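*Asks:* Would you be able to build a 3D model of this:
(one chain, ligands or ions: 3)
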Amino acid sequence: MVDFTYGIITISDRCFRGETKDESGPKIKYLLQDEYNAHNIKQEIIPDDQNKIEEILILYSDVLKINCIFTTGGTGCSPRDVTPEATRKIIHKEFPQLSMVMLLEGLRKTEFAALTRLICGIRNNSLIINFPGSVKAVTESFNAIKRLIPHAVDLICDIKDKTESVHKQIQSGTSKNATNDFYREIKEKTNDSIDEVLKNYKQNSASNSESNLKRRNEDTEVEPKKIDNQKSNQSSTKPQTESSAAKEVPKPSTTRAPHVCPHKTAKPGDKDDRNSPYPMISVEEALKIIFSNIRPISKPQTIRSPINCPPFRASIKDGYAVKSSSKSTLRKVIGSISAGDFIIQEDFKEDECYKINTGAAVPDFADAIVQVEDTKLTKSNPDGSEAEIELLSLPSKNLDIREIGSDLMENQELFTTNGLLDVAEKTILASVGLNAAEKKPKIAIISTGDELQDPASGELQEGHIYDSNTTMLKLLCEKFNFDVKFTCIAKDDYESLKNVVSAAIKECRVIISSGGVSMGDKDFIKKVLIDLDFKIHFGRVNVKPGKPMTFATLNENSFFALPGNPVSAFVTFHLFVLPALRFISGYSGIKCILPLINVVLEDSEYHLDDRPEYVRAKISYDQNTNQFTALVNANQISSRIASLINADVLLKLPGRKEYGNSIIEKGTKLKAMVINQFFISFINE
Ligand SMILES: Nc1nc2c(c(=O)[nH]1)N[C@H]1C(S)=C(S)[C@@H](COP(=O)(O)OP(=O)(O)OC[C@H]3O[C@@H](n4cnc5c(N)ncnc54)[C@H](O)[C@@H]3O)O[C@H]1N2
Ligand code: MOO
Ligand SMILES: [Mg+2]
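*Replies:* Ligands and ions are numbered 1, 2, ... in the order given. Below you'll find the model as predicted:
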């Protein structure tokens, strides 16, 4: 567990407000350090607020990729105790046995352990464990599962070599391995515990009120905030005095998302209008709006060389370092210099020379290199090394020597950048020993939909499909040299989508979502953006595919809500997201947009849509006419990912009204946006 990362979240209104000192969080930290030698620990205190708990768990799991997240507090039965509800809502798989081991351990001490509601589960690659609130209960719970956690995390992270060896040992039952022993122990312990627990429970039930009272007092340590929570419930929403807070009845937190009809949110008072309230704007207008609402991540910066290149006089050839002043053609070979050797500072005679390799430092008193091809070996030493050579031609001064700083002078300007660096820029930085620190926006990718299953999640459940947009959008970002910080599949559920978006904007400047942006009653993206105070700059674009494309900003955050249909997401990424990412990363104007080329339509005809369309097409080169021709890939429906295969361009077709005809014919001149440049080599075929 040494390499794993840990999160500790103390969930308590009173600790959050500073009224009570958090002792359980630090206790877990101590236990982790003591047991696992852990040092990568992130810790936080938050109030008993279900949304905040969900948000931070998502943040820890999806964004910070923490391996093991512990919560402490909020697991009791009071109205403000919502940790289990929040945990259950965001986990992908529940781990009830882990909770049971802790419960059994707790029950050995007190039957009041039954009043805590610990949930354990897995979200992505994170193990999430609810601990009770008190230091004592935290310690007991941790001790109960401390040897299970490492193996559980290994399994979740799919660390095969470790898990396989543990499995083998468990199955063979022969190992003296601690984990194996522990599994056996746990098995025995579980059986024992049930008897013990029953015995304990009977004893406890039969015991007198005095001992119950005593135990209850101990338990106030377990859940010390049951009474205080009710007060804190009030004061967390509205500041008030202690006495007035105590009089008010706390409201239970709502866990159900409110039903929101997106088409009703936009046009208040106009109940019957079921159209989208967002005007359809053109692709060009949309781009203008995007560019005027984003700004480059950094100012232009001029980078200068800290050194001379080459830093010493370097030989350009494999040959001999000589003095050009000598007219003698015979030279004694007095040494051999390889690349990387020290610079020879001693003087030498005019009829002497050094054998030298390309890139090696020329001796201080040599002023020319004669390449090996222009020499003849005239004498050798007994050991076979060269003793004398003859120069077939006499060199001029400075022949084949790269002078100090001749490629780059110290302090010379290398280039000016405001963000992204290309290969040449990264290479020149390397050549002068500088780091290639790029300024790129952090990107989050959120795929939305209850129907979505991770492609690695096994067989499809009924009504489900595999999520392909996450893969596509991540790879597209990477193809264009952008880094994706986090990806996640969000449910079609207002609250959880809001939590995911809140978590994403904390960590990432650019958020790219797909799905949930059209007219359905489960399309919550726009509503979430509005409620999180984003400004929606446009919510529909007159383009096919990609009509519901939405763009919103909040301070430095840009949100690109792409339509869910995979091809629509693909096209809108190239049309809108890529130019924005490039602009944010400092690309100048025209370079933000992918190159456009002139082509002619190869298809016999094409039926135009109402909306201007960007169809996926394959390019050929017609040698007779010296033109590129575009052949539209079959079946352009926006769900059909196959239309992307072998697509070289997004062929720009006009809307039928704009064109004045519903059919466009073979040979028509069109523009095409290049998404795959390999076809260019056809020119030379
Ligand atoms: N009444 C109307 N309905 C629709 C309109 C309209 O104007 N009025 N527009 C249509 C157009 S155009 C598009 S495009 C889609 C976009 O809808 P959403 O962005 O809300 O996307 P969803 O409804 O969530 O999903 C659409 C489609 O895509 C599939 N999908 C979603 N995410 C993924 C993913 N990550 N991987 C693979 N496939 C995904 C999803 O299952 C749906 O089939 O709305 C039309 N409706
Ligand atoms: O615009 Mo939608 O993207 O037609 O499928
Ligand atoms: Mg939809």
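*Asks:* rest of the way, CA atoms for contacts and neighbours
*Replies:* Will do.
*Asks:* Mind telling me which residue of the stretch 351-500 of the chain is nearest ligand 2?
*Replies:* Among the residues of the stretch 351-500 of the chain, Asn469 lies nearest to ligand 2; the distance is 13.3 Å by CA to the nearest ligand atom.
*Asks:* For the nearest residue to that residue once chain neighbours are set aside, give me its contacts.
*Replies:* Of all residues beyond its chain neighbours, the one nearest Asn469 is Pro566 (5.9 Å), with distances taken as CA to CA, 6 or more residues apart in numbering. Listed by CA atoms under 8 Å, 6 or more residues apart in numbering, the contact set of Pro566 reads 468-469, 638-641.
*Asks:* Tell me the buried residues within these.
*Replies:* Buried by 16 or more other CA atoms under 10 Å: 468-469, 638, 641, out of the contacts of Pro566.
*Asks:* Let's see which of those end up in helices.
*Replies:* If you go by DSSP state H, the buried ones among the contacts of Pro566 have Asn469 in helices.
*Asks:* For the contacts of Pro566, please prepare a markdown table with the additional fields pLDDT.
*Replies:* What follows is those, written out as a markdown table (pLDDT from 0 to 100):
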| residue | pLDDT |
| --- | --- |
| Ser468 | 97 |
| Asn469 | 98 |
| Ser638 | 93 |
| Ser639 | 93 |
| Arg640 | 94 |
| Ile641 | 94 |
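*Asks:* So which bits of the protein are right by ligand 2?
*Replies:* Neighbours of ligand 2 within the chain, by CA under 6 Å from any ligand atom: 544-547, 563, 565, 568, 638.
*Asks:* ok, the residue of the stretch 351-500 of the chain closest to ligand 2 to Val333 distance?
*Replies:* From Asn469 across to Val333, the span is 68 Å (CA to CA, to the nearest Å).
*Asks:* next one: Leu392
*Replies:* In this view, Leu392 and Val333 are 15 Å apart by CA to CA.
*Asks:* okay, these two: which has more neighbours?
*Replies:* Relative neighbour count places Val333 above the other of Leu392 and Val333, with 22 against 14, counting by other CA atoms under 10 Å.
*Asks:* ok, that one - contacts?
*Replies:* Taking CA under 8 Å, 6+ apart as the contact definition, Val333 lies against 352-355, 386-389.
*Asks:* Give me every residue in the stretch 301-450 of the chain lying close to ligand 1.
*Replies:* Within the stretch 301-450 of the chain, the positions near ligand 1 by CA under 6 Å from any ligand atom are 447-449.
*Asks:* where along the stretch 351-500 of the chain do the strands fall?
*Replies:* For the stretch 351-500 of the chain, the strands defined by DSSP state E, counting those that start in this stretch cover 352-356, 368-371, 375-380, 386-391, 401-402, 413-417, 443-448, 452-453, 465-466, 484-490.
*Asks:* got the buried residues for stretch 537-547?
*Replies:* Judged by neighbour count (16+ other CA under 10 Å), stretch 537-547 contains these buried residues: 538-547.
*Asks:* do it and ligand 1 meet?
*Replies:* Yes. Part of stretch 537-547 sits close enough to ligand 1 to count as contact by CA under 6 Å from any ligand atom, namely 546-547.
*Asks:* Run the chain-centre distance for that stretch.
*Replies:* Here the centre of mass of C-alpha atoms in stretch 537-547, compared against the chain's by CA atoms, centre = their mean, to the nearest Å, lies 27 Å away.
*Asks:* Kindly format the C-alpha coordinates of it as PDB.
*Replies:* Coordinates of the C-alpha atoms in stretch 537-547 are reproduced here as PDB (Å, rounded to 0.1, in the frame of the first residue of the first chain):
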ATOM      1  CA  HIS A 537     -23.500  31.800 -25.200                       C
ATOM      2  CA  PHE A 538     -25.300  29.600 -27.600                       C
ATOM      3  CA  GLY A 539     -27.400  26.400 -27.400                       C
ATOM      4  CA  ARG A 540     -28.000  25.500 -31.000                       C
ATOM      5  CA  VAL A 541     -26.000  25.700 -34.200                       C
ATOM      6  CA  ASN A 542     -27.400  25.400 -37.800                       C
ATOM      7  CA  VAL A 543     -25.200  22.500 -38.800                       C
ATOM      8  CA  LYS A 544     -25.600  18.800 -39.500                       C
ATOM      9  CA  PRO A 545     -24.700  16.900 -37.500                       C
ATOM     10  CA  GLY A 546     -24.400  18.900 -34.300                       C
ATOM     11  CA  LYS A 547     -27.500  21.000 -34.000                       C
END
